[in-house]
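In: One predicted model, sequence on top.
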Amino acid sequence: QVQLVESGGGLVQAGGSLRLSCAASGFAFGIWNMGWFRQAPGKEREFVAAISRSGGTIHYADSVKGRFTISRDNAKNTVYLEMNSLKPEDTAIYYCAAAQTPYGIPSMRSSDFGSWGRGTQVTVSS
């Protein structure tokens with residue numbers, strides 16, 4: 001079955017960096033678009049970044065553009081989220097997700113993603 005396992009979260013001071021990883025198994029990772037979402041306490045889950053199966057098309061939320069970088073290594077079945085210049089408002093649980101169907105253009109809507117990890121907590125202190 002599809003399994004997505006996030007890692008790399010933690011506590012960091014404002015201005016710091018973290019690198020999240022998402023290890024995928026149970027499906028043909030290389031043909032699926034992938035995404036990162038986050039959910040802060042009391043808020044709805046929101047889009048962070050998405051990447052196409054080849055890595056050639058990438059989307060970012062405006063709030064993270066220029067600070068976060070999404071990438072993938074299809075040989076390792078892993079997608080990454082490099083987060084720099086972190087702000088307290090980046091504090092959230094970060095979720096990795098795989099698209100509902102293979103191929104196509106990466107979406108920024110959570111409803112277009114069918115498999116989710118359990119999330120990893122990122123806390124940015126001021």
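Out: Great, that's in hand.

In: got the contact list for the most centrally placed residue in the chain?
Out: Note on the chain: the residue nearest the mean C-alpha position is W36, at 2.1 Å, using CA atoms, centre = their mean. Shown in contact with W36 (CB atoms under 8 Å, 6 or more residues apart in numbering): L20, C22, V48, A49, A50, I70, V79, L81, Y94, Y95, C96, A97. Backbone N, C-alpha and C define where each C-beta goes, glycine included.

In: which SSE is the third one in?
Out: Going back to what we said before, that points to V48. V48 is located in strand 46-51, with elements delineated by DSSP states H and E.

In: Please compute how far that strand lies from its chain's middle.
Out: In terms of CA atoms, centre = their mean, to the nearest Å, the centre of strand 46-51 is found 6 Å from the chain centre.

In: residues contacting the nearest residue to the residue nearest to the centre of the chain once chain neighbours are set aside?
Out: Distances taken as CB to CB, 6 or more residues apart in numbering place V48 nearest to W36, at 4.3 Å, with adjacent residues excluded. V48 sits next to G35, W36, F37, R38, Y60, A61, V64, F68, L81, Y94 when contact means CB under 8 Å, 6+ apart.

In: Local confidence estimate at V48?
Out: For V48, the pLDDT comes out at 98.

In: Kindly report the same for G104.
Out: Reading off the model, G104 has pLDDT 87.

In: same deal with L86?
Out: 98.

In: And for the helix or strand bottoming out on mean pLDDT in the chain, what's in contact with it?
Out: Ranked by mean pLDDT, DSSP states H and E, the weakest helix or strand in the chain is strand 113-116, scoring a mean of 95. Here strand 113-116 makes contact (CB under 8 Å, 6+ apart) with 2, 4, 27, 35, 37, 95-101, 107.
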